[in-house]
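Q: give the three-dimensional model of this entry:
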Amino acid sequence: MSQASNRSAELICTTNPGLEDLAFEELQQRLDEGGLKGTASERLPARIKGRLRIRYPGPLSSLVQAAGTLRSVHHLLRPVEQFLLPTETPLSTVGERLLEAPLPEMGPSTPFRVSSERRGEHPFGSQDIEREAGTALVERFGAPVDLTGYAVEVRVDVVESLCAVTVQLTRKALSYRHDRTYRPRVSLKPNVAYACLRLARLGPGTERLLDPFCGSGTILMEAADLLPGTELWGSDWSQRAVAGARANLEGAGLEGAGLKDRFRLQAGDARTLAELYPPASCDALVTNPPYGARLGRDIAFPRFYRDFLEQATAVLRPGGRLVVLVRKRGAFNVAAQRTPGLRIRHVQIIETSRVFPGIFVLQRSG
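A: Numbering: from 1, shown residues only. The predicted structure follows:
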């Protein structure tokens, strides 16, 4: 092993499965912006979906500082070790490995907690893993367990037969941003909203962005940070959602971006956009239509998507992009193929809350 590799640092970023490539692209950009352009990071294979593992030829602190500004990820983890669980004694193996794992963050007076995420069929649950690992760490270090006032969080995640031990470096998820007055039961996560905006490839020349299913305003709040000179338009069929989005935008702490002077919200049906907005008035549409629960059981999604796409095409400028996160990918794909003036440029399937929607990137012909 070379001297350079001895000095390298490794970091894991957690994100939604399907967004790992985008997160790596964003990290490379952050490293460049931080003056670390000449220090290329290396992407390592990650055996658990939704994890981006990076090796960086420099101190861990520099990598964490750059990764701490990422908008596409949830948490930052320091990898400790991975191992396969035997069929006969899986839990005792977890305890035995924790007795030997390299954990320089731990000490006799270090309050800690253990958290676990488990996927697959197992004869034990996440709490069993946490209990076994916590017992081993108390035996090893004599450290106190503190579920709220902890200084170190050790994660022991199990996917099928693979067990991954990490130290979580972020206490609060990086994807948890912007205080919200209005919180519906189901809302888009900010990191997924950011991914949709990034896939739209928007830039300083974007004069006007529209979200015709604005809900609680997550996409518009993300856009306010990313596109400080862009007018932000939003609409929703629900008056309550429009009022909630307005409250969220006004309370998002984005006053420095001149937000109040550039957003416009109104109630309206996304299937009648041409009645709400002038023709070819928007540079881009980025949106997340409802998955179906709020539209009724008898909704004909192929027709619903077709009506929406025809209206979106009418208000989108030639060459403009339409990015849509949809659960019913087949119906949307058929509707998009049959909508004159639209071309599918990219489809990215992700996982969110055990659902697998697709991010469709479309472009209006010139």
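
Q: look up how far Gly320 lies from Ala67.
A: Counting by Cβ to Cβ, to the nearest Å, the gap from Ala67 to Gly320 is 32 Å. C-beta here means a position set from N, CA and C on the backbone, and glycine is covered the same way.

Q: strands of the stretch 251-366 of the chain, start to end?
A: 263-267, 282-287, 316-326, 342-349, 358-364 (DSSP state E, counting those that start in this stretch).

Q: tell me the mean pLDDT for the fourth one?
A: When pLDDT is averaged over strand 342-349, the result is 97.

Q: same check, this time on the last one
A: In this model, strand 358-364 has an average pLDDT of 98.

Q: for it, name the packing helices and strands.
A: Here strand 358-364 touches helix 190-199, strand 316-326, helix 329-337, strand 342-349, going by 3 or more Cβ pairs under 8 Å, 6 or more residues apart in numbering; DSSP states H and E.

Q: the same query, at a cut-off of 6 Å, please.
A: helix 190-199, strand 316-326, strand 342-349 (3 or more Cβ pairs under 6 Å, 6 or more residues apart in numbering; DSSP states H and E).

Q: which residues of the stretch 101-250 of the chain fall in helices?
A: Assigned by DSSP state H, counting those that start in this stretch, the helices in the stretch 101-250 of the chain fall at 126-141, 190-199, 218-226, 239-250.

Q: need the helices and strands packed on strand 358-364 in JSON lines (columns: distance to Pro278 and mean neighbour count).
A: Output for these, formatted as JSON lines (distance: least, Cβ to Cβ, whole Å; neighbours: other Cβ atoms under 10 Å):
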{"stretch": "helix 190-199", "distance to Pro278": "23", "mean neighbour count": "24"}
{"stretch": "strand 316-326", "distance to Pro278": "11", "mean neighbour count": "21"}
{"stretch": "strand 342-349", "distance to Pro278": "19", "mean neighbour count": "15"}
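
Q: ok, which of these comes nearest Gly120?
A: With Cβ to Cβ as the criterion, Gly120 lies closest to strand 342-349 of the helices and strands packed on strand 358-364, at 20.7 Å.

Q: identify all contacting residues around the closest one.
A: Strand 342-349 is touched from outside by Gly18, Thr313, Ala336, Phe356, Gly358, Ile359, Phe360, Val361, Leu362, Gln363, with contacts defined as Cβ atoms under 6 Å, 6 or more residues apart in numbering.

Q: which of the residues you listed are buried? Put it as a ChimeraX command.
A: Listed next is the ChimeraX selection for buried residues among these, using 16 or more other Cβ atoms under 10 Å:
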select :18,313,336,358,359,360,361,362,363
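
Q: hang on, the earlier thing: export the helices and strands packed on strand 358-364 as TSV, with columns for distance to Gly95.
A: Formatted as TSV, the helices and strands packed on strand 358-364 follow (distance: least, Cβ to Cβ, whole Å):
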stretch	distance to Gly95
helix 190-199	34
strand 316-326	42
strand 342-349	37
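
Q: which one of the contacts of strand 342-349 sits closest to Glu121?
A: Closest to Glu121, out of all of the contacts of strand 342-349 and judged by Cβ to Cβ, is Phe356, at 19.7 Å.
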